[in-house]
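K.L.:
need coordinates for the following:
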Amino acid sequence: MTVTADTTRLQAVSIVSALRANNGSLSSLLVPYRKQNLPEQQALLQAICFGVCRHYEQLLYLSTQFLKKPLRKKDEDISCLMLIGIYQLLYMNMPDYAVVNECVESCRKLKKNWAKNLLNAVLRSVQREGQELLDSAQSEPSIHYSHPQWLIRQLAADWPEDYLQILEANNIQGPMTLRVNQLLTSRQDYLQVLASKSISAHPGVICDSAVILEQACDVNALHGFSAGLVSVQDEASQVAAQILQVRNSDRVLDACAAPGGKSCAILEYAPEAQLLALDNSQSRLDKVRENLQRIGLRAELLCADLLHQAGQWRRQELFFDRILLDVPCSATGVIRRHPDIKLLRQPDDIEKLKVLQQAMLLECWPLLKPGGKLLYTSCSLLQAENNQQIQAFLHNTPDAAELDINLAWGHKLNHGRQLFPSPGAHDGFYYALLQKC
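P.N.:
The predicted model follows:
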């Protein structure tokens, strides 16, 4: 099959339509096209889909300004094609006439010739008036920052002095960050290797294993990647191993391990530790295995549901010195890497996630040895999932005490420490370190 720009646009229509119906994520929906697309075509498809998600509220606003009435549900493909065309006009370096003509031609491929004149009119109106309309809507945060209103309200309530900075950072693509395997090389030596290959990079600020690339590149172009010298992992995620301070003599549980970045970072920190990596997805656990094999370190891998497995471990009297609990969450701290969160996450998801997070924390706690440490982490920015969870847990758990995270970064809260996403640096992340009395 010959893949053309028109084919790529139609693939994007299919993906955006699925996202709007909550039938998958960008990560999962892009996978099937990798085999049939050439690398440059897959890159274009990814750029279109990520861009539409990143600027979705703006694109939706503009499309409604130039439609006399909403399109019918059965014409969802035309709605998505319109959003893609508007995104390409405003944000992609393509000639306007080419965008308009190719989008109109795509109507024929979708067997909806009736929509050609409509799409042509809307796109040409955006071409003439779109930026002026966006400028006049700057007082509307959901349009100006292109975030759903419910999320803006919650961030403003949680972080009244910081939420606008968070919204801006969410719309800037995060950098490619490496974790240097300090069992094999030093960060300074690896930075020198990168410089010798004309790859611009600088050290991270909050974690001594982090290297931030000025521009993303193919991992296969990185010196020593296949030999485990470096791995791709955001600095905020890397620092979890530094906070947990695993010793070589420790038995460690990574309770939600996939895709394995934190497990690998822990073992690079303490290579002789007995680490058990648990996840409820075998395909994702296979990624953990691949990452461990690449860096040349070992762990026990188990595919199981923590809420069911924990009881069995208690009966077997299997206990741990250290537990890393990176809970499922709203992922509002990594929107810049996963902009489809803006479409997929809904307000009522938060309450369901809170219940799951608290259940996982309650199941993990009895598995911790006296004197042992549990690090609760999430890539959420919402206090309901973070310090409020820890506050409730500490109130109801007499043998739990919070330990200070004595590091000079982020925002110290009444419980735990919060990082906000930072342009050119780390993602948003939360950490709370607990010890069993």
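K.L.:
rest of the way, CA atoms for contacts and neighbours
P.N.:
OK.
K.L.:
can you map out the strands along the stretch 151-300 of the chain?
P.N.:
Secondary structure of the stretch 151-300 of the chain (DSSP state E, counting those that start in this stretch): strands at 177-180, 201-203, 210-213, 230-232, 251-254, 274-279, 300-303.
K.L.:
off-centre distance for the third one?
P.N.:
Its chain's C-alpha centre lies 17 Å from the corresponding centre of strand 210-213 when counted by Cα atoms, centre = their mean, to the nearest Å.
K.L.:
helices or strands up against that strand?
P.N.:
Identification of packing neighbours for strand 210-213 by 3 or more Cα pairs under 8 Å, 6 or more residues apart in numbering; DSSP states H and E yields strand 177-180, helix 187-196, strand 201-203.
K.L.:
returning to that earlier point: between the strands of the stretch 151-300 of the chain, which one is closest to Cys53.
P.N.:
Within these, the stretch nearest Cys53 is strand 177-180; the backing value is 22.5 Å (Cα to Cα).
K.L.:
pairing partners for that closest one, with directions?
P.N.:
Here strand 177-180 has these sheet partners by DSSP bridges: strand 210-213 (antiparallel), strand 230-232 (antiparallel).
K.L.:
turn these into JSON lines, columns for distance to Gly51, mean neighbour count and mean pLDDT.
P.N.:
Shown next, in JSON lines, are these (distance: least, Cα to Cα, whole Å; neighbours: other Cα atoms under 10 Å; pLDDT from 0 to 100):
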{"stretch": "strand 210-213", "distance to Gly51": "21", "mean neighbour count": "25", "mean pLDDT": "98"}
{"stretch": "strand 230-232", "distance to Gly51": "22", "mean neighbour count": "23", "mean pLDDT": "98"}
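K.L.:
for Ile143, find the nearest of those.
P.N.:
strand 210-213 (31.0 Å).
K.L.:
what's next to the closest one, contact-wise?
P.N.:
With Cα atoms under 8 Å, 6 or more residues apart in numbering as the test, strand 210-213 has contacts from 175-180, 187, 191, 199-204, 234-235, 238, 425.
K.L.:
can you confirm Tyr431 is in a helix?
P.N.:
No. Read with DSSP: H, G, I helix; E, B strand; the rest coil, Tyr431 is strand and lies in no helix.
K.L.:
counting neighbours, what do you get for it?
P.N.:
Neighbour count for Tyr431, taken as other Cα atoms under 10 Å: 26.
K.L.:
if we can go back for a sec, hey, which of the strands of the stretch 151-300 of the chain is tucked in deepest?
P.N.:
strand 177-180 (a mean of 28; mean count of other Cα atoms under 10 Å).
K.L.:
longest strand anywhere in the chain?
P.N.:
In the chain, with assignment by DSSP state E, the single longest strand is strand 368-378.
K.L.:
in it, what counts as buried?
P.N.:
Neighbour-count burial for strand 368-378, counted by 16 or more other Cα atoms under 10 Å, picks out Leu368, Lys369, Gly372, Lys373, Leu374, Leu375, Tyr376, Thr377, Ser378.
K.L.:
report pLDDT for the residue nearest to the third one when sequence neighbours are not counted.
P.N.:
Which is Gly372. Once flanking residues are discounted, Gly372 sits nearest to Asp321: 4.6 Å by Cα to Cα, 6 or more residues apart in numbering. pLDDT for Asp321: 98.
K.L.:
now for Asp321, how many residues are close by?
P.N.:
Neighbour tally, Asp321, other Cα under 10 Å: 22.
K.L.:
am I right that it sits in a strand?
P.N.:
Yes. Asp321 sits within a strand when classified using three-state DSSP.
K.L.:
who touches it in this structure?
P.N.:
Asp250, Arg251, Val252, Leu368, Lys369, Gly371, Gly372, Lys373.
K.L.:
picking that back up, so which of the helices and strands packed on strand 210-213 gets nearest Cys264?
P.N.:
Proximity to Cys264 (Cα to Cα) singles out strand 177-180 among the helices and strands packed on strand 210-213, at 9.8 Å.
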